[in-house]
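S.K.: Need a 3D model of the sequence below.
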Amino acid sequence: MSFSQSKQTFPLIILLCISTILFTACNLFGGGTPLPHLLKAPASQQIYTMPETGISDFDTLDPALAHDTASLNAIQMIFTGLVQLNDKLEVQPQLAASWQVGADGVTWIFHLKPNLKFSDGTPLTSQDVAYSIDRALQPATQSTVAPIYLALIKDSDQLLGGKISTLIGDSLLTPDANTISILTNKKAAYFLDMLTYPCSFVVEKGLITKYGETFTNHLIEGGSSGPFKVSQYIHGQEIDFIPNNNYYNAKPQLQHVRLAFYQQASTAYTAYQHHMIDETELPSSQLATAHTQSDFVQVPQLWINYYTMNYLVKPFDNVHIRQAFALAINKTQLANTVWKGTAIATNHIVPQGMPGYNSHLTGPDGTQGLSGNATKAKSLLQLGLREEGWSSVVQMPPITLTYAAGASNFDAEVAMMVSMWQNILGITVATQAIDYNTLLDRVTAATNNPQGLQFWGLAWVAEYPDPQDWLSLQFGNSEVYNNMNYGQTQEQQAVQQQLQAADSTMTSNLRISLYQKAEQQLVNDVAWMPVEQVTRSFLRSPAIVGIVDNGMGITPPDDWSRIYRVK
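M.R.: Model prediction:
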């Protein structure tokens, strides 16, 4: 269901704001494109104002601590790291000019771009990179995100546990001012993706030494390594950015970017109507007609709603019964009727917009159909019943689908699926809507538990845009999220081997191929039953051009040089 199994909030916060709204159909990625004859506005008008809705201020502007979308939006304008994502969500060099991996597969050597500086002119060196990563992992910093995203760094657990005092000189080595070597605790091709999370972004030690944990209140003085620097921060009202003249790449064309706080979405929408801001979320009352407007934008998010079954609990230890349940579902009908066309019916585990997305993937019936396959479902059910020694569905154990309570569209989706299983398979499925946190606890307790939860619905929202986050992390042996207990049979061991090989393979094409083969088998095995990919719908002024929307809602630092306002 559309409640994420991940307890991290990036990018979940902005996604949850739409989870209780029914959207209207539209063209994906629509809106925001000017007519060819429109001219670039003069420098004095190069202003872009965005709302931060539902909050009165940022939780933090410290990259080591941030986990919510609003804080991360601001942080990614001010700070940068060794590597970051481009607008296609691919890892690209940022502070680093290049890198290489040692023959041992665990030594990552990064070479910085020359003459890097913070916004106050202070040189930015490899020592600053090492300091920033080490600081994020220091127990005194109390980061909740660094222990996750920097867990691959060798001895990070020792530092967090207080057994060593620093990683500098241990797994963070700085042989010269332009080189940093980072040692990992295992071969992991996805390490670069983990480094794109802002907790590894570089902060200015001098500013922190001077002001301590309140350094973010003094960013006007310096500290920026990103395309913008802070020109004004009025707590509870707004933060303002101007171009950082010491930025190492092409400078932004916008001369002033303003993030304004709006506690009520309706207030932000009114401000947008009066041209006070350039972007806004849509109130539900406007969704039915907004898709025809030139400023309407809809973007698929890296968010998959899915259902899954415990392999250790009958009848779902039988793959043919699992396949029958999956093929009895008309996902297109769910997307159109329940989600009103703003969620995309899907067979995929790795979502559209992700590196590694497989456009050739098929469902368990070997086709790309999304409307179910009733004939095949009935045939597979009969095969599964015979394999279990049952002559009728009445001999099957009771089946209960558990999901998170709290949203009427999710109730409607479950009710519609229950009807499909009854009508096509003749199976009655009971339902249980429970508190979200209780559901997470029960899902966790299902791991290696034949008495655990039988059948449940959740969602996964990308923590980083790598197939490992969607495949190995969910279905690998001993992984914390493998609560459905995939990998119990001999036939499933080939998938485990493919996932392990893909995780450590540094050759990109081979790595993606291994993940895609594994994903296809996982879909065939109904390890997950993906149902839909969620989208985000909003309005953006057509006067703002050059933004490339993506499933994580990020604007890469170097994209700002191509974003501007037209007259």
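
S.K.: Met552 against Pro465, yeah?
M.R.: Yes: the pair Met552 and Pro465 passes the contact test of Cβ atoms under 8 Å, sitting 6.4 Å apart. All C-beta atoms are positioned from the backbone trio N, CA, C, and that covers glycine.

S.K.: shared neighbours, the two?
M.R.: Common neighbours of Met552 and Pro465 are listed as 85, 89, 302 (criterion: Cβ atoms under 8 Å, 6 or more residues apart in numbering).

S.K.: which stretches of the stretch 151-300 of the chain form helices?
M.R.: 156-160, 191-195, 205-211, 265-273, 287-290 (DSSP state H, counting those that start in this stretch).

S.K.: for the ones you listed, which one ends up most surrounded?
M.R.: Highest mean neighbour count among these (mean count of other Cβ atoms under 10 Å): helix 191-195, with a mean of 23.

S.K.: Centroid-nearest residue for the chain?
M.R.: Residue closest to the mean C-alpha point of the chain, counted by Cα atoms, centre = their mean, is Ala462 at 2.6 Å.

S.K.: Just the buried ones out of the shared contacts of Met552 and Pro465, please.
M.R.: Neighbour counting by 16 or more other Cβ atoms under 10 Å classes 85, 89, 302 among these as buried.

S.K.: Could you pull up the residues touching the first one?
M.R.: By Cβ under 8 Å, 6+ apart, the contact list for Leu85 reads 91-92, 196, 465, 552, 554, 556.

S.K.: can you check Ser504 too?
M.R.: Ser504 makes contacts with 105, 186-189, as judged by Cβ under 8 Å, 6+ apart.

S.K.: now swap in Tyr403 and tell me
M.R.: Going by Cβ under 8 Å, 6+ apart, Tyr403 touches 1, 3, 410, 414, 431-434, 439, 456-458.

S.K.: now do Pro465
M.R.: Applying Cβ under 8 Å, 6+ apart, we find Pro465 in contact with 85, 89-90, 193, 302, 354-355, 551-552.

S.K.: which residues touch stretch 113-130?
M.R.: Stretch 113-130 is contacted from outside by 82, 93, 95-97, 110, 112, 167-168, 172-174, 176-180, 202-206, 221-225, 229, 244-248, using Cβ under 8 Å, 6+ apart.

S.K.: What residues sit buried inside that stretch?
M.R.: Those would be 116-120, 122, 124-130, for stretch 113-130 by 16+ other Cβ under 10 Å.

S.K.: among the contacts of Tyr403, which are in helices?
M.R.: Of the positions in those, 410, 414, 439 sit in helices, assigned by DSSP state H.

S.K.: re the thing from before, of the contacts of stretch 113-130, keep whichever come out buried.
M.R.: Neighbour-count burial (16+ other Cβ under 10 Å) applied to the contacts of stretch 113-130 gives 82, 93, 95-96, 110, 112, 167, 172-174, 178-180, 202-206, 221-225, 229, 244, 246-248.

S.K.: what are the phi and psi values for the spatially most distant residue from the centre of the chain?
M.R.: Ranked by distance from the centre of the chain (Cα atoms, centre = their mean), the top residue is Ser391, with 44.6 Å. Taking degrees, to the nearest 10, you get phi -90, psi -10 for the backbone angles of Ser391.

S.K.: Quick check: it touching Leu385?
M.R.: Yes: the pair Ser391 and Leu385 passes the contact test of Cβ under 8 Å, sitting 7.0 Å apart.

S.K.: tell me the contacts of Arg511?
M.R.: Arg511 sits next to 189, 502, 505 when contact means Cβ under 8 Å, 6+ apart.

S.K.: so how far is Met420 from the residue lying closest to it once chain neighbours are set aside?
M.R.: Using Cβ to Cβ, 6 or more residues apart in numbering and skipping residues adjacent in sequence, the residue nearest Arg511 is Thr505, 4.3 Å away. Using Cβ to Cβ, to the nearest Å, Thr505 is found at 40 Å from Met420.

S.K.: next one: Thr289
M.R.: Distance from Thr289 to Met420, counting by Cβ to Cβ: 31 Å.

S.K.: Ala74 too?
M.R.: 45 Å.

S.K.: more crowded one of those two?
M.R.: The residue with more neighbours, out of Ala74 and Met420, is Ala74; 24 against 20, by other Cβ atoms under 10 Å.

S.K.: Contacts for the helix or strand where the more buried one lies, please.
M.R.: Using DSSP states H and E, Ala74 maps to helix 69-78. Outside helix 69-78, the residues within contact range by Cβ under 8 Å, 6+ apart are 9-14, 50, 52, 55, 58-61, 63, 66, 198, 201, 219, 223-230, 239, 241, 257, 259, 553-555, 557, 560.

S.K.: can you do 7 Å?
M.R.: 9-11, 13-14, 52, 55, 58-61, 63, 66, 198, 201, 219, 224, 226-230, 239, 241, 257, 259, 554 (Cβ atoms under 7 Å, 6 or more residues apart in numbering).

S.K.: One more: stretch 220-228?
M.R.: 77-80, 95, 118-120, 122, 124, 202-204, 207, 215, 230-231, 241-244, 247, 252, 257, 557, 560.

S.K.: Next, the distance between the ends of it.
M.R.: Stretch 220-228 stretches 11 Å from its first residue to its last (Cα to Cα, to the nearest Å).

S.K.: Show me what the mean pLDDT comes to for that stretch.
M.R.: Averaged across stretch 220-228, pLDDT comes to 98.

S.K.: cool, and stretch 271-286?
M.R.: Averaging pLDDT along stretch 271-286 yields 91.

S.K.: Wasn't Trp99 part of a strand?
M.R.: Yes: Trp99: assigned to a strand according to DSSP: H, G, I helix; E, B strand; the rest coil.

S.K.: Since that was my last question, I'll sign off now.
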